[in-house]
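> Dropping a prediction and its sequence here:
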Amino acid sequence: MLRLSKMADYGSQVMAYMAKNDSVKSAGEVAAATGIAIPTASKILKMLSRASLLTSMRGAKGGYVISRPAAQISVAEIIDAMDGPISITECSTSTCEQESYCFTRSNWQGINDLIRDALEKVSLAQMIEPKPQIVNIDGLGKAIH
């Protein structure tokens, strides 16, 4: 089954909250608003900051703020920040001992590229829209809720 990791799911929740609340937020505020435990929220905020999706602010009123407008942040960037490069098979990103015998590697790479391209075309702004909208991905209309 193709499924996002829990951390990628939490990362998208945190980014959605940060996009809707364009001001400095502490880990405690983010945790309370998203229902994510404070230690996990802190870890996610640091990971998103390292990926330049959030900016860390130091000081007594420090915390995190979104680095760019939500329309300029793709779902693929959020997943990459949390899980590393998107790949659905091991051979998508590295070599394996079966490579010389594998008849499907090039096809898996093509599928991986299609998934990545689709996720790059969906922005955080589209994800936080309250109403369903149609996102056209290479001619395939899908409702995003």
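That came through fine. Residues are numbered from 1 along each chain as shown.

> Show the model's pLDDT score for the residue most central in space within the chain.
Centroid-nearest residue in the chain, with Cα atoms, centre = their mean: residue 78, separated by 2.1 Å. Looking at residue 78, its pLDDT stands at 98.

> next one: residue 44
Listed pLDDT for residue 44 reads 98.

> wait, residue 13 sits on residue 34?
Yes. Assessed by Cβ atoms under 8 Å, residue 13 is found in contact with residue 34 at 5.0 Å. Any C-beta I mention is one placed from the backbone N, CA and C, and that applies to glycine too.

> would you say the residue nearest to the centre of the chain is within a helix?
Yes. Using DSSP: H, G, I helix; E, B strand; the rest coil, the assignment for residue 78 is a helix.

> Now do the strands in the protein.
54-57, 63-66, 133-137, 140-144 (DSSP state E).

> Please work out the average pLDDT along the third one.
Averaged across strand 133-137, pLDDT comes to 65.
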